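J.: Fold the following.
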Amino acid sequence: MSRNQAGMLAGFALLLSASPAEAKWLRAETDSFIIYSEGGEKPLREFAANLQRFDSTLRFIFKTAYQGEDNRLPIYLLPTPADVAELAAGSRGASIAGFYRHDRDGSFALSHRERGAVDPALGTPMSQQVLFHEYTHHFMKRHLRAAFPAWFIEGFAEYHSTVDFNKEGRAELGKLLYSRAYGLLRMPKIPAEKLLLEQPREMRNRGQTDVYYGRAWILTHMLYQSEARSGQIGAYVAAINAGTDPKQAATQAFGDLAQLDKDLDRYISGKLSYSLTRAPIPVATNIVIQPVAADEDAVIEARLERLNARGSAERTTKARDALQKLVAADPANAEAQYEYAAAEWDMDDDVRSLAAVRAALDKTLAAKPDHVRANVLLGRLLLHELDAKGEDDPRVWQEARKPIQRANRVDPLDPVPLYAYFRSFLDEGKRPSEPALKALERAFEIAPENIEVRVAYAFALANRGDFDAALALAKSVAFDPHDNGRGEAMLKQLESMRDARAKRGASETADEADADDTA
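T.: Numbering: from 1, shown residues only. Take a look at the predicted model:
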């Protein structure tokens, strides 16, 4: 029997063993993504191939040698933009058609399957643009290790969101972004200097969000496409990362900022061009699609509601209650038991039931002893209980870490157990051990986009005296356009640590000199 025949028979067996009621969601695996969709195998395969091709385009442009990801990004495709908006903001009327998130449980993205109208000159549906924008954020955080100014983070994502492929397979870069036309042409503009130097949250507060995104896109477009400004964006980013004052970095790279603003206005009114990659970008063929297992299929929608409810006590309670009903109706579903345990854990301390968390985790692990995230959550629960009762026996704390260590052995490429192991020492109130610091370093290598991991790693670097690397990471957090000021506070704290250590070092040197003089 040939390999192809064996594969076909295996595929038929999978389809025959899963009734429609058991397998509503499909799962597509590519080199870089795990994509969940209910929309049928053919459109899912086309979507997965196009997204993987986009990933290959970014790797080609930015000379990323490694193809694919050890820690692949999960993406969930919902039927309509309204479904995405409801999960993102709790309202179907919210203007959110896709988003990307990263938190303690890892990164994921949501988009939709509704193609909508496609302008022939553009060639890409809005759903694709939204996802390409969000994935570009993920790619930048994971592979472009530098601190980028907030306006450029958004402009970079907008610029690459319209990537398309011509008949030869070459990627087209910098195609028009029609969705920003109204903000650019009809609304009061944001001057270039303000765009470069002011925090984006200030402009959002003044109702200029659409103008901000459009202006960031067109400035990025000009810097990439205009021959007269070739190399300026690289010089600007290098200066920012070298610690140059932002305004000085901008004027050194771009020249007079008032003139930059005038040039930008002229650029908008001119005919915009786009560029092509030198070589064709191959279409991905390494795509495996199969039905999601019945127990997971039953909880995907509840999982998404749980993940997106964080920060809202009302929505978290709603998600918990729905999962509680689900496990009551199907107590043998191990995935439902885990999701219920995680939802109960997400409740506020004064209302959650730790006994319910433990009971649900016990049922999950009885059915699936190697369930990675259930083992991590069990470890967190045990550590929380030790902290609450003031346990000070190191042997007891070490015993509580065992589920987290088991999770790491099961999946060494999952950053969540690695970071949980590091955090366990902070929970104990002890300086992290060398293996714990190695675990943190590895978690950062696998998932540098995770802000919590990035912050922890920056302080770990500072504590061992590597302030240059620590401050570079802090800048990457502080410059994030979605940061709420935490990154700026972190940057100041690390600078204070650096200055205090330098002062102590100078004082110790002076004391040694005094001692030598006395001798």
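
J.: I'd say residue 410 and residue 375 touch.
T.: Yes: taking contacts as C-beta atoms under 8 Å, residue 410 lies within contact range of residue 375: 7.4 Å. (C-beta placed from N, C-alpha, C; glycine too.)

J.: Looking at those two, which has the bigger crowd around it?
T.: residue 375 (27 against 14; other C-beta atoms under 10 Å).

J.: which residues touch the residue nearest to residue 481 when sequence neighbours are not counted?
T.: Sequence neighbours aside, residue 150 is the residue nearest to residue 481 in space, at 3.9 Å (criterion: C-beta to C-beta, 6 or more residues apart in numbering). Residues near residue 150 by C-beta atoms under 8 Å, 6 or more residues apart in numbering: 199, 200, 479, 480, 481.

J.: Can you tell me which of the residues you listed is nearest residue 232?
T.: Nearest to residue 232 out of the contacts of residue 150 is residue 479 (C-beta to C-beta; 18.2 Å).

J.: tally of neighbours for residue 192?
T.: Burial measure for residue 192: 22 neighbouring residues, criterion other C-beta under 10 Å.

J.: Surely it is in contact with residue 256?
T.: No: the criterion here is C-beta under 8 Å, and residue 192 misses it with residue 256 at 10.1 Å.

J.: Next, the contact list for residue 35, please.
T.: By C-beta under 8 Å, 6+ apart, residue 35 lies in contact with 27, 28, 29, 44, 47, 48, 51, 74, 75, 76, 77.

J.: partners of the helix or strand where residue 279 lies in the sheet?
T.: Per DSSP states H and E, residue 279 falls inside strand 275-280. The pairing partners recorded for strand 275-280 under DSSP bridges are strand 170-173 (antiparallel).

J.: tell me how far the strand it pairs with is from the chain's mean position?
T.: The chain centroid and the centroid of strand 170-173 are separated by 25 Å under C-alpha atoms, centre = their mean, to the nearest Å.

J.: what element comes up after it heading to the C-terminus?
T.: Once the chain leaves strand 170-173, the following helix or strand, as judged by DSSP H and E, is helix 181-186.

J.: Give me the distance from that next one to the chain's centre.
T.: From the chain centre to the centre of helix 181-186 is a distance of 29 Å (C-alpha atoms, centre = their mean).

J.: Could you do stretch 496-509 as well?
T.: The answer for stretch 496-509 is 36 Å, by C-alpha atoms, centre = their mean.

J.: Now do the buried residues in it.
T.: 497, 498 (16 or more other C-beta atoms under 10 Å).

J.: and if you look at stretch 166-174?
T.: 170, 171, 172, 173, 174.

J.: what about dumping the CA coordinates of it to CSV?
T.: Provided in CSV are the C-alpha atoms of stretch 166-174 (Å, rounded to 0.1, in the frame of the first residue of the first chain):
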residue,chain,number,x,y,z
ASN,A,166,0.6,38.0,-7.9
LYS,A,167,0.3,35.3,-10.6
GLU,A,168,4.0,34.5,-10.4
GLY,A,169,3.7,33.9,-6.6
ARG,A,170,5.7,37.0,-5.7
ALA,A,171,4.4,38.9,-2.6
GLU,A,172,3.0,42.4,-3.2
LEU,A,173,4.0,44.7,-0.3
GLY,A,174,2.5,48.1,0.5
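
J.: List the contacts of it.
T.: Stretch 166-174 is contacted from outside by 57, 60-61, 123, 159-160, 162-165, 221, 224-225, 272-283, using C-beta under 8 Å, 6+ apart.

J.: Out of these, which end up buried?
T.: Buried subset of the contacts of stretch 166-174 (neighbour count, 16+ other C-beta under 10 Å): 57, 60, 159-160, 162-165, 221, 224-225, 274, 277, 281.

J.: Next step: those residues restricted to helices.
T.: Using DSSP state H, the subset of the buried ones among the contacts of stretch 166-174 located in helices is 57, 60, 159, 160, 221, 224, 225.

J.: Farthest-apart pair in the residues you listed, please.
T.: 60 and 221 (19.6 Å).

J.: Let me see the mean pLDDT of stretch 372-382.
T.: For stretch 372-382, mean pLDDT is 98.

J.: How about stretch 40-60?
T.: On average, stretch 40-60 scores 94.

J.: Over to stretch 469-476?
T.: 89.

J.: ok, residues contacting the strand holding residue 279?
T.: Counting by C-beta under 8 Å, 6+ apart, residues outside strand 275-280 touching it are 57, 60-61, 166, 168-174, 224-225.

J.: run the last query once more with 7 Å
T.: Outside strand 275-280, the residues that touch it by C-beta atoms under 7 Å, 6 or more residues apart in numbering are 57, 60, 168, 169, 170, 171, 172, 173, 174, 225.

J.: okay if I get those residues as JSON lines plus distance to residue 441?
T.: Output for these, formatted as JSON lines (distance: C-beta to C-beta, whole Å):
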{"residue": "57", "distance to residue 441": "30"}
{"residue": "60", "distance to residue 441": "29"}
{"residue": "168", "distance to residue 441": "43"}
{"residue": "169", "distance to residue 441": "39"}
{"residue": "170", "distance to residue 441": "39"}
{"residue": "171", "distance to residue 441": "34"}
{"residue": "172", "distance to residue 441": "39"}
{"residue": "173", "distance to residue 441": "34"}
{"residue": "174", "distance to residue 441": "37"}
{"residue": "225", "distance to residue 441": "39"}
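
J.: Thank you, goodbye.
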